[in-house]
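Undergrad: This is a predicted model, with the sequence first.
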Amino acid sequence: MKTVVMKFGGTSVATPEKIIGVAKRAIAEKEKGSRVVIVVSAMGKTTDTLLGLASEISAEPPKREMDMLLATGEQVTISLLAMAFKALGHEALSFTGWQAGIETESVPRNARIEQIHTDRLEKVLDNGCFCVVAGFQGVDRIGNITTLGRGGSDTTAVALAAALKADRCDIYTDVDGVYTSDPRFVGGARKLEQISYDEMLELANLGAGVLHPRAVEFAKNNQVSLSVRASYSDEPGTIIQEVVTVEKNLIVRGVAFEKGIARVTVTYKKPFNGSLANIFTKLAEHHIDVDIIVQSITDAFPPSVSFSIKEESLEEARRVLEQYKEEIGFVSCEFEVGLSKVSIVGSGMVSNPGVAAQMFDILRMEEIPVKMVSTSEIKVSVVVPLDEMQKSANALHRAFGLDE
Ligand code: ADP
Ligand code: ASP
Ligand code: MG
């Protein structure tokens, strides 16, 4: 018998009516002859509301308690959805992350799934029952509830699909597929019929919020057949897979962007052994993700390194750098906020030199200052002022021929 995992995001379960609609859709899937697991997010903007509540209590709430709080959002949806199945005459059981056997590392707010014990779910599915699983949460080895990072329900769904060896994992959302860029901000963004795991992974990592990056990672590593489609229509959506047939022969397949970027510049003593290693070791020990790194050493100036991090990590980065000042050997530290990152992605870049140059030229014509640059085989990213983000994305989208 086939197994299908269906995931519904916050907007798609925002009201009781929508939850009943989800149940009906899953029933239709089961009636085609499949075992069905449904993974759901918290209703509507619940997670944001919970974050707001915590901020009214404390500026820096303990991360463990934040996990405890945020995990309640998904728990509301799973119980209501299981009730909806019952009301429609079908058997269903709801499961929190730990009840579903989802074991994670002990990193609050951003845990990775380490393994999934599927025995319980397998039994329930074999009894012809729907399994309704809370997205975004798991449990660590000592029993703490953990969450997987914003948007993490996608990862729950794909990881479950991999563990259950499901035939398909369908991500139902408020957009009918993966577009060449976020259609809410880029006019002319076009829906893609297919996209490769690698391109999708880059886009997701670079800010395309339609899929959680770790979900794509799981899908690629386990060759999960993954699609993104609308919860409000029956249109086929976008298929994410290893190899794709490209509709238009374009070098750039998508444009992604992300706000909330900060730049930190550390100037350190000359000569001072190991400054560079020490800075990034200390930041890593405190789980601060560093993105673009630019090191500059010339005879004329003291050595310095600039790097970008998420604005939300800035306070902690500042504290860590200050705390280990002696060990790191730094002289001064500068912080710049109000930045964003705009990226172009496409597998065709590997064999086409000059794409970065073309990108800089487009930005120059738009008079957009580029603060930092980073490249890989299939992407080029630039850090630009936040108020130029949308303009940059639109200009690049147009100039690289991605418009409809
Ligand atoms: P859900 O709550 O269902 O998980 P999300 O808000 O996380 O939904 O993701 C869907 C949103 O992702 C869309 O509404 C869209 O604005 C945004 N998005 C960003 N980049 C893209 C893209 N390249 N293609 C489609 N949607 C995108
Ligand atoms: N509810 C969580 C969030 O809003 C997880 C998710 O929706 O994927 O980030
Ligand atoms: Mg999402």
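TA: Nice, thanks for sending it over. Note that the structure is a prediction, hence the values are computed from the model and not measured. Ligands and ions are numbered 1, 2, ... in the order given.
Undergrad: how would you label the residue in the stretch 251-400 of the chain that ligand 2 sits nearest to: helix, strand or coil?
TA: Going by CB to the nearest ligand atom, ligand 2 is nearest to E312 of the stretch 251-400 of the chain, at 13.6 Å. Backbone N, C-alpha and C define where each C-beta goes, glycine included. Recorded secondary structure, E312: helix (DSSP: H, G, I helix; E, B strand; the rest coil).
Undergrad: so how many other residues sit close to it?
TA: The number of residues packed around E312, counting by other CB atoms under 10 Å, is 9.
Undergrad: What of L164?
TA: Neighbours of L164 under the rule other CB under 10 Å: 20.
Undergrad: With A28 instead?
TA: A28 is flanked by 11 other residues according to other CB under 10 Å.
Undergrad: same check, this time on the one 5 residues further on
TA: Other residues near G33 come to 8 when the count uses other CB under 10 Å.
Undergrad: Is it in contact with M1, as I believe?
TA: Yes - using CB atoms under 8 Å as the test, G33 is close enough to M1 to be in contact (6.7 Å).
Undergrad: which residues of the stretch 51-200 of the chain fall in helices?
TA: Across the stretch 51-200 of the chain, reading from the start of the chain, the helices by DSSP state H, counting those that start in this stretch fall at 63-87, 119-126, 153-163, 197-205.
Undergrad: Could you check the longest one against ligand 2 for contacts?
TA: Yes - counting by CB under 6 Å from any ligand atom, ligand 2 has neighbours in helix 63-87: G73.
Undergrad: Spell out the secondary structure type for E258.
TA: Assigned with three-state DSSP, E258 falls in the strand class.
Undergrad: G207 too?
TA: Applying three-state DSSP to G207 yields a three-state assignment of coil.
Undergrad: correct me, but it touches V255?
TA: No - in this structure G207 lies outside contact range of V255 using CB under 8 Å: 9.8 Å.
Undergrad: More neighbours: the two, which one.
TA: Summary of the neighbour comparison: G207 and V255, criterion other CB under 10 Å, with V255 having more neighbours (30 against 22).
Undergrad: circling back: any residues in contact with both of G207 and V255?
TA: Among the neighbours of G207, those also in contact with V255 (CB atoms under 8 Å, 6 or more residues apart in numbering) are S343.
Undergrad: picking up where we left off before, per-residue pLDDT, the residue of the stretch 251-400 of the chain closest to ligand 2?
TA: With respect to pLDDT, E312 scores 91.
Undergrad: check contacts around it.
TA: With the criterion set at CB under 8 Å, 6+ apart, E312 makes contact with G260.
Undergrad: Same check on K269?
TA: Shown here is K269, whose contacts under the criterion CB under 8 Å, 6+ apart are 275, 302, 329-331.
Undergrad: what do you get for F360?
TA: When contacts are taken as CB under 8 Å, 6+ apart, F360 is in contact with 370, 382.
Undergrad: Is it in a helix, a strand, or coil?
TA: Look at F360: counting by three-state DSSP, its state is helix.
Undergrad: Give me the distance between the closest residue to I113 other than its chain neighbours and ligand 1.
TA: Once flanking residues are discounted, I113 sits nearest to A159: 4.8 Å by CB to CB, 6 or more residues apart in numbering. A159 is 15 Å from ligand 1, where distance means CB to the nearest ligand atom, to the nearest Å.
Undergrad: Next up, phi/psi of the closest residue to G149 other than its chain neighbours, please.
TA: Closest residue in space to G149, ignoring its immediate chain neighbours: N110 at 4.4 Å, by CB to CB, 6+ apart. Geometry field for N110 lists phi and psi as phi -150, psi 40, criterion degrees, to the nearest 10.
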